[in-house]
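Peer 1: I'd like to go over a predicted model; first the sequence, then the structure.
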Amino acid sequence: MDSDPTSFTPETLDPLAGFRLDGQVVLVTGASSGLGARFARVLDAVGARVAIAARRADRLDDLATHLHDPIVLSCDLSDPEQRDALVPRVVAASGRIDVLVNNAGRSESMRALDEPVEHFRDTVELNLVAPFALAQAAARHMAEHSIAGRIINIASIYGISGVGRIPEAGYSASKGGLISLTRELASQWSRREIRVNALAPGWFPSEMSAEMFSDPRLAEWIVEKTPLRRPGQPHELDGALVFLAGTASSYMTGQVLTIDGGWTAI
């Protein structure tokens, strides 16, 4: 008789086991500050060996003091040569890569009528082209070594809905593209057991958003428009990140987890 696929096995009796990453290697880009630094520390806390990459080497060195066995990689993802060398550097240092967190990006509020085409192009290059290149490199390694890998693209509510009050045409286009790319890569790579999902934060205080939150009018507007009546706190992304990185989400690919206090629900 065929076994019942809904029955419990010993492997499933610990509901927290799927949130551990012991013995796995995770690459986090844009790890020198803000959410990226938080992501690195959270993934380290659940057992992963974390490779941290960003332009600011001094910030990475400081973060490394808080991690157990980090791989520190200074890298400017806007430089194609440095970008293309990043995944091979992780593999050379650790022998493998199990999870890629595409977090690096740029954001600069600017009216679409005033945004130079070159600025738009540079934003898309860093926020969309670089994540594709890294995902491709990581997936090739995962496929070659039969690794059931996970790729997590850090998107944004800007990729889901227009904002207007805080104009970001290049950023919105790149994040919308990243969400579509997530779905396409998931559909292409699922038979190789490589899962691709996205995490779309709403309004979270960070180095990138500091100027926005320092404007009392904008800060008040965000609170008034958010159903939960406040911005998010960095720790409120922890659970979603670990869920996507671990086997707890093993039957999930091509999806977008939106953590936004209800912003996109209305």
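Peer 2: Arrived safely.

Peer 1: do a quick rundown of the strands in the stretch 1-150 of the chain.
Peer 2: 25-29, 49-54, 71-74, 99-102, 150-154 (DSSP state E, counting those that start in this stretch).

Peer 1: would you turn those strands into a markdown table with distance to residue 254?
Peer 2: Where C-beta positions appear, they are placed from N, C-alpha and C, glycine not excepted. Listed next are the strands of the stretch 1-150 of the chain as a markdown table, based on distance: least, CB to CB, whole Å:
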| stretch | distance to residue 254 |
| --- | --- |
| strand 25-29 | 20 |
| strand 49-54 | 25 |
| strand 71-74 | 28 |
| strand 99-102 | 15 |
| strand 150-154 | 11 |
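
Peer 1: need the ones you listed in JSON lines with distance to residue 62 and mean neighbour count, can you?
Peer 2: Below are the strands of the stretch 1-150 of the chain laid out as JSON lines (distance: least, CB to CB, whole Å; neighbours: other CB atoms under 10 Å):
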{"stretch": "strand 25-29", "distance to residue 62": "15", "mean neighbour count": "27"}
{"stretch": "strand 49-54", "distance to residue 62": "11", "mean neighbour count": "27"}
{"stretch": "strand 71-74", "distance to residue 62": "10", "mean neighbour count": "18"}
{"stretch": "strand 99-102", "distance to residue 62": "19", "mean neighbour count": "29"}
{"stretch": "strand 150-154", "distance to residue 62": "21", "mean neighbour count": "27"}
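
Peer 1: JSON lines for the ones you listed, including mean pLDDT?
Peer 2: Formatted as JSON lines, these follow (pLDDT from 0 to 100):
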{"stretch": "strand 25-29", "mean pLDDT": "98"}
{"stretch": "strand 49-54", "mean pLDDT": "98"}
{"stretch": "strand 71-74", "mean pLDDT": "98"}
{"stretch": "strand 99-102", "mean pLDDT": "98"}
{"stretch": "strand 150-154", "mean pLDDT": "98"}
